[in-house]
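In: Take this sequence and fold it.
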Amino acid sequence: MSKKKGLSLEEKRSRMMEIFFETKDVFQLKDIEKIAPKAKGITPMSVKEVLQSLVDDNMVDSERVGTSNYFWAFPSKALHARKRKLEDLEKLHEDGKQRQAALQQAIKKPKRDDKILRKERLFIRSSCL
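Out: You can find the predicted model right below:
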């Protein structure tokens, strides 16, 4: 007797995204609740939870039209999101490099100023005595 191991939340999320990307269609919750268990093996009880987590992370779009909620996600949106994320990370990296260079300069500069300050203080001290 082999026990079936359940899918992790991440596996369910990726399989749910596959449904949207493969069909390139707009769904209502009841449609996804029918399709997900058959096509991707996501348990019917967790479909709504997985879908809501994707909506919360802006991976799936949702809109209320009248009394119905519609859900969709297209591959192009995911591509644009990845590009934006990459650009943001590259900008952060560049800013970090510039900050590091500025801090390195700031570390080197006070050493020279400290020597001058020390000499001035010694001069003032010696002149007072």
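
In: Would you map the strands across the protein?
Out: Remark: strands assigned in the chain by DSSP state E are 27-28, 61-65, 68-72.

In: For the last one, the averaged confidence score.
Out: Averaged over strand 68-72, pLDDT sits at 91.

In: Not counting its own residues, what contacts stretch 77-91?
Out: Outside stretch 77-91, the residues that touch it by CB atoms under 8 Å, 6 or more residues apart in numbering are Met17, Phe21, Asn58, Met59, Asp61. Where you see a C-beta, it was placed from the backbone N, CA and C, and this is true even at glycine.

In: gap between the residue nearest in space to the middle of the chain and Leu79?
Out: Nearest to the mean C-alpha position of the chain, by CA atoms, centre = their mean, lies Lys85 at 7.4 Å. Distance, Lys85 to Leu79, using CB to CB, to the nearest Å: 11 Å.

In: now the angle from the helix or strand of the chain with the lowest mean pLDDT to strand 61-65?
Out: When the helices and strands of the chain are scored by mean pLDDT, DSSP states H and E, helix 75-128 comes last with a mean of 84. Following axes from the mean of the first three to the mean of the last three CA atoms, to 10 degrees, one obtains 120 degrees for the angle between helix 75-128 and strand 61-65.

In: Helix 75-128: how far from the chain's middle?
Out: 26 Å (CA atoms, centre = their mean, to the nearest Å).
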